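Trainee: need a structure here:
(one chain, ligands or ions: 1)
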Amino acid sequence: MADVFAKCRLPEYQPVKDLGIYPYYHAVEERAGDGEVVVGGRVLVQAGSNDYLGLSGDPRVKEAAVAATRRLGTGSGGSRLTNGSLALHEELEARLAAFLRRPAVMVTSAGYLANLALGALLGPGDVVLGDRLVHACLIDAVRLGGARLRRYRHNDLEHLERLLGACDPDAGRMIVTEGMFSTSGSVCDLPGIAKLARAYGARVVLDSAHDVGLLGTAGRGAAEAHGLEEAVDVQTVTFSKALGTIGGAVAGPEEIILYLRHHARSMVFTAALSPACAAAALAALEIVAAEPERRRRLRAAARRLSGELAGLGYAVTPSDRPVVAVPVGEDLRCFRLWRELFDEGVFTTAMISPGVPPGQALIRVSLTATHTDAQIDRIASAFAAAGRRLGLLPSTPERTPP
Ligand code: PMP
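Mentor: Model (predicted):
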């Protein structure tokens, strides 16, 4: 008889550990200041955090979390449906609805759970058309709902149209995309998606995890930036990126949100968001609205780093998006580069399948508005040294970063 635990005895990552290039679960011991962390007793530039606006360390956000903890305790004590709902959650929902200009919002305990909640809207007769790069939690929502998943090539609307055209005429259709994609930093083609959704009677779900707080003049995300907020039926957000804390939300029409409050398993069967996180998200939202200069700084930082990496010879397109993806290809080569960068004092993220398509491993660098130019130049210098050592770059640089 097979043992369900047998697979755990020979972990596939052990050879990578033996080579000393395992890039995961390295614990941060301390924050060493803005943009820096201590790992294994060494101060590293934090180049892999999604704390895009630097709000996780902002004194106003931290103080809001502390004050809420003093007033309401460290936990919520139960699910929102039963005894865990706080007036603070409702205040946050109202504030988010006003900020996002959506009729209603449901706050969840993580961004993952906000997307998973969408499973409640789906059934076996439905088809979800998802960009090839959408996040795992959207895929999990489709599985939970028992719907059929059809994936279109990244931002390839001809492919999307073909898949829409091939749907059973009676099937419910939902197009899911990220606003700014977490692994590539690219932005979805919302105008094209909106047109196809209208033509084929599909609902549009936009995961704004990486674009709320960043894109759009007011920071409402990719839909605001495209001037197409009405084309999006449901928008999901997470608090773990630009808002600097933990939690998530689904925003959309009243009837959808009310339905989800009663049917979404990731809402009903898990403890409500902690008071500290709810208060932190509220404080962060105020800063997102009041300090657009953080978005501008982030864009300038991204232009600087992506320009420097492209100048070194990496296959990076200069842009103002805070996620800079450096394509590497094979997993092992990606782990080696990650390790060299780590040794150079830069803490990045190694992304392999299933986070990205197989064979397309990449080093993901994410920037924060509080990174200084000197820190950005340190990241680029580390890439220069590491790339040359591994033979990914010519040994004589065409242009060295300052
Ligand atoms: N959506 C996207 C696009 C993400 O990248 C992530 C997390 N990286 C999530 C949702 C889940 O958010 P959280 O980590 O806050 O649960």
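Trainee: okay, helices next: where are they in the chain?
Mentor: In the chain, the segments counted as helices under DSSP state H are 14-18, 59-72, 87-100, 111-116, 136-145, 157-165, 190-200, 222-226, 254-263, 265-268, 275-290, 293-312, 331-343, 373-389.
Trainee: and the last one, what does it pack against?
Mentor: Same thing as helix 373-389. With contacts taken as 3 or more C-beta pairs under 8 Å, 6 or more residues apart in numbering; DSSP states H and E, helix 373-389 sits against strand 42-46, helix 293-312, helix 331-343, strand 346-347. Any C-beta I mention is one placed from the backbone N, CA and C, and that applies to glycine too.
Trainee: let's see 6 Å
Mentor: Packed against helix 373-389 by the contact rule (3 or more C-beta pairs under 6 Å, 6 or more residues apart in numbering; DSSP states H and E) you find strand 42-46, helix 293-312, helix 331-343.
Trainee: residues of the stretch 201-350 of the chain that sit close to the ligand?
Mentor: 207, 209, 210, 238, 240, 248 (C-beta under 6 Å from any ligand atom).
Trainee: poorly predicted segments of the protein, please.
Mentor: 396-402 (pLDDT under 70).
Trainee: okay, now the domains of it?
Mentor: According to automatic domain parsing, the chain comprises the domains 12-46+292-389, 59-290.
Trainee: the longest one: how far from the chain's middle?
Mentor: Its chain's average C-alpha position is 11 Å from that of domain 59-290, according to C-alpha atoms, centre = their mean, to the nearest Å.
Trainee: straight-line length of that domain, end to end?
Mentor: 15 Å (C-alpha to C-alpha, to the nearest Å).
Trainee: could you do stretch 44-63 as well?
Mentor: Note: stretch 44-63 ends 26 Å apart using C-alpha to C-alpha.
Trainee: pull the residues that contact it.
Mentor: Here stretch 44-63 makes contact (C-beta atoms under 6 Å, 6 or more residues apart in numbering) with 35-37, 213-214, 241-242, 244, 280, 283-284, 294, 322, 345-349, 365-366, 368-370, 375, 378-379.
Trainee: hmm, try it at 7 Å
Mentor: Residues outside stretch 44-63 that contact it (C-beta atoms under 7 Å, 6 or more residues apart in numbering) are 31, 34-37, 213-214, 240-245, 280, 283-284, 287-288, 294, 298, 322, 345-349, 364-366, 368-370, 375, 378-379.
Trainee: what do you get for stretch 302-320?
Mentor: Stretch 302-320 is contacted from outside by 185, 299, 321-322, 324, 326-327, 365, 367, 373, 376, 379-380, 383-384, 387, 393-394, 397-399, 401, using C-beta under 7 Å, 6+ apart.
Trainee: what does stretch 81-97 give?
Mentor: Under C-beta under 7 Å, 6+ apart, the answer for stretch 81-97 is 68, 72, 76-78, 80, 103-107, 249, 251, 268, 271-273, 275, 278-279, 281-282, 285.
Trainee: in CSV, list the C-alpha atoms belonging to it.
Mentor: Output of stretch 81-97 as CSV, limited to C-alpha atoms (Å, rounded to 0.1, in the frame of the first residue of the first chain):
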residue,chain,number,x,y,z
LEU,A,81,-19.7,35.6,9.9
THR,A,82,-19.9,34.6,13.6
ASN,A,83,-18.3,36.7,16.3
GLY,A,84,-15.2,38.0,14.8
SER,A,85,-16.5,41.1,12.9
LEU,A,86,-15.3,44.4,14.3
ALA,A,87,-16.6,47.9,13.7
LEU,A,88,-13.0,48.5,12.6
HIS,A,89,-13.5,46.0,9.7
GLU,A,90,-16.6,47.8,8.7
GLU,A,91,-14.8,51.1,8.8
LEU,A,92,-12.1,49.7,6.6
GLU,A,93,-14.6,48.3,4.2
ALA,A,94,-16.4,51.7,3.9
ARG,A,95,-13.1,53.5,3.5
LEU,A,96,-11.9,51.0,0.8
ALA,A,97,-15.2,51.3,-1.1
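Trainee: got the buried residues for it?
Mentor: Residues 84, 85, 86, 88, 89, 92, 93, 95, 96, 97 are the ones in stretch 81-97 that count as buried (16 or more other C-beta atoms under 10 Å).
Trainee: any chance of the residues you listed in TSV with distance to the ligand as columns?
Mentor: Below are those laid out as TSV (distance: C-beta to the nearest ligand atom, whole Å):
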residue	distance to the ligand
84	18
85	20
86	20
88	19
89	16
92	15
93	17
95	18
96	14
97	19
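Trainee: for the residue in the stretch 101-250 of the chain that the ligand sits nearest to, which residues are in contact?
Mentor: Using C-beta to the nearest ligand atom, the single residue of the stretch 101-250 of the chain nearest to the ligand is residue 111, 2.5 Å away. By C-beta under 7 Å, 6+ apart, residue 111 lies in contact with 209, 238, 240, 248.
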